[in-house]
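Undergrad: Sequence first, then the predicted structure:
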Amino acid sequence: MIRKFTIDEAVLSDETNPAVTTVGVSNHHVHLCKADLEKLFGEGYELTVQKKLTQPGQFAAEEKLSVIGPKGMIENVRILGPLRAETQVELSATEARQAGITALVRDSGDLEGTHGCILLGPNGYIMIESGVICAATHLHLHTDEAAKLGIKDRQRVDIYIRTGDKSGCLFAVPARVGEAHAKDLHIDTDEANAFKITAESRALVLMNECEQI
């Protein structure tokens, strides 16, 4: 299938356009369950909020860990809160390969069949048997934002990105729709480097602009 489309560059700078979204670069991070938090930091320990994230209720914590694989260590990996039911480590493909860690491309929370690593904290270390992933690119949308575009939860959409002399499309990106979401395209650092993403970068959800031939 060939897709051809023409996009006026002014469209990407129109913040009132419901199809225009910010681009959030997801650096490596860890989500911890309560039991693993206490093993790494001590019994009864609670995370310290450093800053709130774009998604409601989520935050970057002051606390950091080291992620260890057979070939090396990734230091200063930030913990994100709140706590989860299962511990999850999100790395880019590049850094996972450098550390010798097998990280499958998965949606957040889809951990069955994934591989593990060692997590090192101030109170010691733990070995997790699974939970390391390269997070699949995804689009967050609040219910009201999704309604304006006619997009439903888990629907796959195409995304156009242009930054300076770099442009391209991401195809079949899953949308996460709900009351606890806010419009933001989440990509990892490998993709961000490929597109030369900056804080000012914007992306376009392709709806009627895309003609299939």
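TA: The structure has been received and is ready for your questions.
Undergrad: from here on, contacts and neighbour counts on C-alpha atoms
TA: OK.
Undergrad: For residue 20, see how far away residue 168 is.
TA: To residue 20, residue 168 is 15 Å away according to C-alpha to C-alpha, to the nearest Å.
Undergrad: quick one: which of the two has more around it?
TA: Higher neighbour count among residue 168 and residue 20: residue 20, with 22 against 12, using other C-alpha atoms under 10 Å.
Undergrad: The more buried one touches residue 201, doesn't it?
TA: No: look at residue 20 against residue 201 with C-alpha atoms under 8 Å: they stay out of range, at 10.3 Å.
Undergrad: quick check: domain ranges of this protein?
TA: 3-24+137-212, 26-135 (automatic domain parsing).
Undergrad: per-stretch mean pLDDT over those, give me the minimum one.
TA: Note on the domains of the chain: domain 3-24+137-212 shows the lowest mean pLDDT, a mean of 86.
Undergrad: can you pull the contacts of the closest residue to residue 32 other than its chain neighbours?
TA: Nearest non-adjacent residue to residue 32, counting by C-alpha to C-alpha, 6 or more residues apart in numbering: residue 87, 4.3 Å away. For residue 87, the contact set (C-alpha atoms under 8 Å, 6 or more residues apart in numbering) comprises 30-33, 36, 131.
Undergrad: at 6 Å instead, please
TA: Taking C-alpha atoms under 6 Å, 6 or more residues apart in numbering, we find residue 87 in contact with 31-33.
Undergrad: how far away is residue 122 from residue 69?
TA: Distance from residue 122 to residue 69, by C-alpha to C-alpha: 18 Å.
Undergrad: and these two? which has more neighbours close in?
TA: When neighbours are counted by other C-alpha under 10 Å, residue 122 and residue 69 differ, and residue 69 comes out ahead with 19 against 13.
Undergrad: Just grab the bridge partners of the more buried one for me.
TA: Legend: beta-bridge partners of residue 69 under DSSP bridges are residue 72.
Undergrad: any idea how far it lies from residue 79?
TA: 18 Å.
Undergrad: now residue 44
TA: Residue 44 is 17 Å from residue 79, by C-alpha to C-alpha.
Undergrad: so how far does stretch 153-173 reach from one end to the other?
TA: Chord length of stretch 153-173, first to last residue, is 12 Å (C-alpha to C-alpha).
Undergrad: cool, stretch 78-97 as well?
TA: Its first and final residues considered, stretch 78-97 spans 19 Å by C-alpha to C-alpha.
Undergrad: from what I can see residue 103 touches residue 131, true?
TA: No: Residue 103 is beyond contact range of residue 131, at 8.7 Å (criterion: C-alpha atoms under 6 Å).
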